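In: Build me a structure from this.
(chains A and B)
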Amino acid sequence: MKLLAANRLLDGTAVWLGPDAAWVEDISDAEIARDKEGEARLEQIGRRALAENLVLDIELIDVEIVDGAVRPLRLRERIRAAGPSIHPELGKQANKPAVSLV
Amino acid sequence: MYRYDEFDHAFVKARVAEFRDQVERRLAGELTEEQFKPLRLMNGVYLQLHAYMLRIAIPYGTLAPRQMRMLAHIARHYDKGYGHFTTRQNLQFHWPALKDIPDILEKLASVEMHAIQTSGNCIRNVTADHFAGAAADEVTDPRPYAEILRQWSSLHPEFSYLPRKFKIAVTGAQRDRAAVQVHDIGLHLKKNAEGKRGFTVYVGGGLGRTPMVAKKIRDFLPEEDLLSYTTAILRVYNLNGRRDNKFKARIKILVHETGTEELRAQVEREYEALKDSELKLPESDIRAIQAYFAPPSLPARPEGDAVIAAASAADAGFATWLARNLHTHKNPDYASVTVSLKGIGEVPGDMSADQMDAVADLAEHYAMSEIRVSHEQNLVLPHVARADLKAVYDRLVEIGLATANVGLVTDIIACPGLDYCALANARSIPVAQQISTRFADQARQEAIGDLKIKISGCINACGHHHVGHIGILGVEKKGAELYQITLGGSGDENTAVGEIIGRGFGPDEIVDAVETIVETYVGLRQDKSETFLAAYGRLGPAPFKEALYGSEAKAA
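Out: Predicted coordinates:
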């Protein structure tokens, strides 16, 4: 399973591609690709968003579902989805419980 | 300290306007990211995991109170209330929005600061000894020469697209506190037998993927030839440096592949052609820049010893802090104070906006309005009357910056690591926090003595792990963090690259491993005066391997 990660151009915030080509700030709202076709579709929308200067650095990332919640496989992406592990009061984790980091 | 002249003001202002236009064009979609990225990097703007990052130059680590207050203002209004002092005497904000950065740069320009050349393949911020102008062992203040290099290298048309980034450090004391031998060019100021000022020149040092100790290519370069010789080195590098491979593009690789003698010959040939050109520094120009760095007029304060004796007797915490956080000043009535940004369990180098304001006030009231940033991620108040030390200490206690650990095991350098950095493979800061917490006990730290731990979250080595007495490098292995340990590194006048001790340790093992190394050292040292490096030099890695890996080490 994969989803498409990026940073928003205006402020650099980590975002993920959600339904209806919207970029969402919460990884749990992201659209998951479960096969190659789905991945290609996410990438196609991502490339369009790049060309439209909405986001930058698009990247397909591997995820799994743990207890019903999306969880990136790599620690790097889990930290991106939550915020700095040293500052639980900062980043996305400050607003709502985010993916567990470890 | 140096003050901008009309030219400097106009130059920085024009640069802010140019970048504002570039940002507007980027946000309007007129520039692609591919076009914009080199432009933003040359203005210190990176993209990290959670947001953009703005790296602000603090030339040779010297800050005025009004500049520190501006950093506090930016932290509050455009960031998340704090900043991070780096291992190159710079400051990073980790959360600015791209749309706000032109406004931030405009505010910085108003206090004579900028972010120019804090990234990109150009000559970066020139660093210097953080006790410059104050240290008792200083031959001459390195900062005027660093300032001359800054002016010369800013937007230098020939050296704006080098094969790779280029870092210069200058020190002017017997002890090298600027780690000059791990820089692309390291300059060690001295006086020759005739009392004339000049530099010993080192080239090709660096950390990162291929750590190298710099090679000495000139024992004495007259001060007036600073720019002609530096230009000669840069020309040889610019022409011959490896542009075909990013990982082999630093000058250290060129020096290594060319050979020191041949490289020296090439540099000397260029220098011969340049030394009588307009690059020769007129005596009057050098003295004019030196005048900006004239030592402050320090009134006699002979009452210091009596004040300190009484205060130390009444306050054990003050006595402990005095023993660790002072550096000997040229003037016996004064001392340089290191303000530790390494509170137990805290983030190395981080400082809140309120703390910034408070330190600015302290500098104004007690330190001749000067603040320094050290590459070891601490601050320095360079000129404090010994009679005022108790007042300074009391205020530092109030703002949580009186940790008495300078040079001790908890005074750890750490890069931002995977908590922020898009290049990192593992986290650095949590490891530093855990080691700090493990060794929190002051008496235990004092019993261990001086010990430098340095941590990087990737091979790029921003945390200088290669030159840590104990170095820790975070890597990613099978999707998990793994920490490799090097021992025996040093970043002073006896620079050495540490040796990898063996297999790496997981996040749950690394603190125990460090403790094992420290206890092995303490157990085997001849007496307390034998430093970690001396003991490691005498014993070699074997007892440390045995302690870490036991029978596994014997089998290997």
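In: since we're on residue A:6, how many residues are nearby?
Out: Using other CB atoms under 10 Å in any protein chain shown, residue A:6 is surrounded by 20 other residues. Where C-beta positions appear, they are placed from N, C-alpha and C, glycine not excepted.
In: Who does residue B:221 form a beta bridge with?
Out: Beta-bridge partners for residue B:221, by DSSP bridges, are residue B:199.
In: ok, it touching residue B:230?
Out: No - when contacts are counted by CB atoms under 8 Å, residue B:221 is not listed as touching residue B:230 (9.2 Å).
In: If you count surrounding residues, which of those two has more?
Out: residue B:230 (26 against 19).
In: Tell me, what's the model's pLDDT at residue B:1?
Out: For residue B:1, the pLDDT comes out at 81.
In: got the contact list for it?
Out: Taking CB atoms under 8 Å, 6 or more residues apart in numbering or on different chains, we find residue B:1 in contact with B:62, B:64, B:143, B:292-293, B:370.
In: Strands - which of those land there?
Out: Among the contacts of residue B:1, the members falling in strands (DSSP state E) are residue B:62.
In: What subset of the contacts of residue B:1 is buried?
Out: By neighbour count, with 16 or more other CB atoms under 10 Å in any protein chain shown, the contacts of residue B:1 hold B:62, B:64, B:143, B:293, B:370 as buried.
In: can you redo the contacts of residue B:1 as a markdown table with distance to residue A:66?
Out: Formatted as a markdown table, the contacts of residue B:1 follow (distance: CB to CB, whole Å):
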| residue | distance to residue A:66 |
| --- | --- |
| B:62 | 50 |
| B:64 | 51 |
| B:143 | 54 |
| B:292 | 60 |
| B:293 | 59 |
| B:370 | 53 |
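In: And the contacts of residue B:1, which is closest to residue B:484?
Out: When the contacts of residue B:1 are compared for distance to residue B:484 (CB to CB), residue B:62 comes out closest, at 35.2 Å.
In: quick one: the closest residue to residue A:30 other than its chain neighbours from chain B, how far?
Out: Once flanking residues are discounted, residue A:30 sits nearest to residue A:16: 3.6 Å by CB to CB, 6 or more residues apart in numbering or on different chains. Taking CB to the nearest CB, to the nearest Å as the criterion, residue A:16 is separated from chain B by 13 Å.
In: quick one: residue A:16 is in a strand?
Out: Yes - Residue A:16 forms part of a strand when assessed by DSSP: H, G, I helix; E, B strand; the rest coil.
In: Just to check, it is in contact with residue A:29?
Out: Yes - counting by CB under 8 Å, residue A:29 is a contact partner of residue A:16 at 7.4 Å.
In: The two - which one has more neighbours?
Out: It is residue A:16, of residue A:16 and residue A:29, that has more neighbours when counted by other CB under 10 Å, with 28 against 15.
In: Could you pull up the contacting residues of the residue nearest to residue B:247 when sequence neighbours are not counted?
Out: Excluding the flanking residues, the one nearest residue B:247 by CB to CB, 6+ apart is residue B:209, at 5.7 Å. Going by CB under 8 Å, 6+ apart, residue B:209 touches B:247, B:459-461.
In: Helix or strand: which one has residue B:266?
Out: Assigned by DSSP states H and E, residue B:266 falls within helix B:260-274.
In: For that helix, which outside residues touch it?
Out: B:203-204, B:215, B:217-218, B:225, B:228-229, B:231-233, B:235-236, B:240, B:254-255, B:258.
In: Just the buried residues from those, in PyMOL please.
Out: With 16+ other CB under 10 Å as the criterion, this PyMOL line picks the buried residues out of the contacts of helix B:260-274:
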select buried, chain B and resi 203+204+215+217+218+225+228+229+231+232+233+235+236+254+255+258
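In: Who's the closest spatial neighbour of residue B:140, skipping the chain neighbours?
Out: Nearest residue to residue B:140, sequence neighbours excluded (CB to CB, 6+ apart): residue B:172, at 4.9 Å.
In: how close does that neighbour get to chain A?
Out: Remark: distance between residue B:172 and chain A (CB to the nearest CB) = 36 Å.
In: That residue contacts residue B:189, correct?
Out: Yes - counting by CB under 8 Å, residue B:172 touches residue B:189, with 3.9 Å between them.
In: Sort out for me which of the contacts of helix B:260-274 are in helices.
Out: Counting by DSSP state H, these place B:228-229, B:231-233, B:235-236, B:240, B:254-255, B:258 in helices.
In: Relative to its centre, which residue of chain A is most distant?
Out: residue A:86 (20.3 Å; CA atoms, centre = their mean).
In: Do I have it right that that one meets residue B:431?
Out: No - the criterion here is CB under 8 Å, and residue A:86 misses it with residue B:431 at 10.6 Å.
In: in chain B, which helix has the most residues?
Out: Per DSSP H, chain B has its longest helix at helix B:6-27.
In: Neighbours of residue B:469, how many?
Out: Residues near residue B:469, counting by other CB under 10 Å, number 25.
In: on that earlier part again, if I pick the residue nearest to residue A:30, what's in contact with it?
Out: Residue A:16 sits next to A:3-6, A:23-24, A:27, A:29-31 when contact means CB under 8 Å, 6+ apart.
In: Can I have the buried ones of these as a PyMOL selection?
Out: Selecting only the buried entries of the contacts of residue A:16 in PyMOL, with 16+ other CB under 10 Å as the criterion:
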select buried, chain A and resi 3+4+5+6+23+27+30+31
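In: Which of the contacts of residue A:16 sits closest to residue B:285?
Out: Of all these, residue A:6 has the smallest distance to residue B:285: 49.9 Å, by CB to CB.
In: Got phi/psi on the residue nearest to that closest one when sequence neighbours are not counted?
Out: Closest residue to residue A:6 apart from its sequence neighbours, by CB to CB, 6+ apart: residue A:55 at 3.8 Å. Backbone torsions for residue A:55, taken as degrees, to the nearest 10, come to phi -140, psi 170.
In: In this structure residue A:55 contacts residue A:5, no?
Out: No - using CB under 8 Å, residue A:55 is not in contact with residue A:5, being 9.4 Å away.
In: Next, show the common contact partners of the two.
Out: residue A:15.
In: still on that earlier bit, name the member of the contacts of residue B:209 with the most neighbours.
Out: Going by other CB under 10 Å, residue B:461 tops these with 22 neighbours.
In: Near the closest residue to that one other than its chain neighbours, how many other residues are there?
Out: Once flanking residues are discounted, residue B:461 sits nearest to residue B:207: 3.8 Å by CB to CB, 6+ apart. Counted with other CB under 10 Å, the neighbours of residue B:207 add up to 28.
In: cool, residue B:385 as well?
Out: Residue B:385, neighbours per other CB under 10 Å, totals 24.
In: Could you do residue B:500 as well?
Out: 13.
In: Need the nearest residue in space to it, chain neighbours excluded.
Out: Nearest to residue B:500 is residue B:486, by CB to CB, 6+ apart, at 5.3 Å.
In: So in terms of bridging, what pairs with the most centrally placed residue in chain A?
Out: Residue closest to the mean C-alpha point of chain A, counted by CA atoms, centre = their mean, is residue A:16 at 3.4 Å. Under DSSP bridges, the beta-bridge partners of residue A:16 are residue A:5, residue A:24.
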